[in-house]
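Undergrad: Could you look at this predicted model? Sequence included:
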Amino acid sequence: MQKRTLGTSTLNVSEIALGCMSLPTDITAAQPIVFEALSQGITYFDTADLYDYGENEAIIGKLLQGERHNITLATKVGNRFTKGEEGWRWDASATYIEQAVHASLRRLGTDYIDLYQLHGGTIEDDFDAVIDVFERLKKAGTIRAYGISSIRPNVIERFLPASDAASIMMQYSLLDRQPEEFFNFIEAQGASVVTRGTLAKGILTGEWQKRAKAYNNYSDEEVKDTLRQLQEAYGDIHALALAFNLQHKAIASTVIGASSKVQLSETLNAYQRAKRITDVTAANAITKRQRYSAHR
């Protein structure tokens, strides 16, 4: 497993990260997946306080005990909830962030978080206050770096230049190339892209013939036709999906979810095959180059 540096931070992250949102809510069922990730060289684990209303963080914290100094642990904040109550509300206030980070630390069983991310954001948020609290947490050693998870151009263009953010998490794949217009900008701000949705809900895997359906701004038939062309050109959709993302130097890591050890193993095997794909020119030509239309 190769590693890349996250922005201008000191964090070196595995090219494949385990997205923990899909983990079973039972720790016994989640354990084989997390342990498989560790055994295959994944050192980057991404969770959020919202996932299972904090239970996901608690499971990850317990399973990664003893590995803390060997891994990069990332979580997120901003979606405020009360355990036992349904639903949540957006709260990006500095007061809430300071409360939430300590709650995450307790659940994760650690005294610091490697990457703390704002879990969304709107143009109405007080980003000066958000950045200020992140910087204070960083100076105190509570977090090592911070970033944002957003696909809103107006939020990205406002947050990154005003901050020392190490990363921005964005949905990006062969079937959703909207973030590409911002890659140069993000790099220029000293940040890296962390991708989610790389496998397009399982469409971009070896099961593409069964899973192919409308996605993003592709119709059912467009998805099927596009995947047929990619299969003819490369012969391995799963490996191509990973290679396509990781060929961008702006991208530090791609976050892959897994609800079973088998699913994770299939992706890790595809990652090894992806290293042999060095030319994605045909994939660029076959898929759509898109731009965000909202939040500009």
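TA: Yes, it's here.

Undergrad: to the chain's geometric centre, what's the distance from the helix or strand encompassing Asp128?
TA: Using DSSP states H and E, Asp128 sits within helix 127-139. Its chain's average C-alpha position is 21 Å from that of helix 127-139, according to CA atoms, centre = their mean, to the nearest Å.

Undergrad: Then stretch 15-35?
TA: That offset, for stretch 15-35, works out to 14 Å (CA atoms, centre = their mean).

Undergrad: contact partners of that stretch?
TA: 1-4, 37, 42, 44-48, 51-52, 55-56, 59-60, 62-64, 74, 194, 196, 242, 246, 252-261, 264, 267-268, 271 (CB atoms under 8 Å, 6 or more residues apart in numbering). (C-beta placed from N, C-alpha, C; glycine too.)

Undergrad: one step back: for the helix holding Asp128, buried residues please.
TA: 127, 130-131, 133-134, 137-138 (16 or more other CB atoms under 10 Å).

Undergrad: What helices and strands are in contact with it?
TA: helix 94-108, strand 113-118, strand 143-149, helix 153-162 (3 or more CB pairs under 8 Å, 6 or more residues apart in numbering; DSSP states H and E).

Undergrad: Contacts for the first one next, please.
TA: Same thing as helix 94-108. With CB under 8 Å, 6+ apart, helix 94-108 has contacts from 47, 49, 54, 57-58, 60-61, 73, 75, 77-78, 80, 111-113, 116, 126, 129-130, 132-134, 137, 142-143.

Undergrad: contacting residues around Arg152?
TA: 121-123, 292, 294-295.

Undergrad: Of the residues you listed, keep whichever come out buried.
TA: For the contacts of Arg152, buried by 16+ other CB under 10 Å: Gly121.

Undergrad: Dump the contacts of Arg152 to a markdown table, plus secondary structure and distance to Thr278.
TA: Putting the contacts of Arg152 into a markdown table (DSSP: H, G, I helix; E, B strand; the rest coil; distance: CB to CB, whole Å) gives the following:
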| residue | secondary structure | distance to Thr278 |
| --- | --- | --- |
| Gly121 | coil | 36 |
| Thr122 | coil | 40 |
| Ile123 | coil | 40 |
| Tyr292 | coil | 29 |
| Ala294 | coil | 35 |
| His295 | coil | 35 |
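
Undergrad: can you pull out the helices in this protein?
TA: Along the chain, counting by DSSP state H, helices occupy 27-39, 55-63, 94-108, 127-139, 153-162, 183-188, 208-211, 220-234, 237-246, 261-274, 281-286.

Undergrad: got the angle between the fifth one and strand 143-149?
TA: Relative orientation of helix 153-162 versus strand 143-149 (axes from the mean of the first three to the mean of the last three CA atoms, to 10 degrees): 150 degrees.

Undergrad: Give the other helices and strands that helix 153-162 contacts.
TA: helix 127-139, strand 143-149, helix 183-188.

Undergrad: do that again at 6 Å, thanks
TA: helix 127-139 (3 or more CB pairs under 6 Å, 6 or more residues apart in numbering; DSSP states H and E).

Undergrad: returning to what we had before: of the helices and strands packed on helix 127-139, which is nearest Ile237?
TA: strand 143-149 (25.9 Å; CB to CB).

Undergrad: list the helices and strands the closest one packs on?
TA: strand 113-118, strand 167-171.
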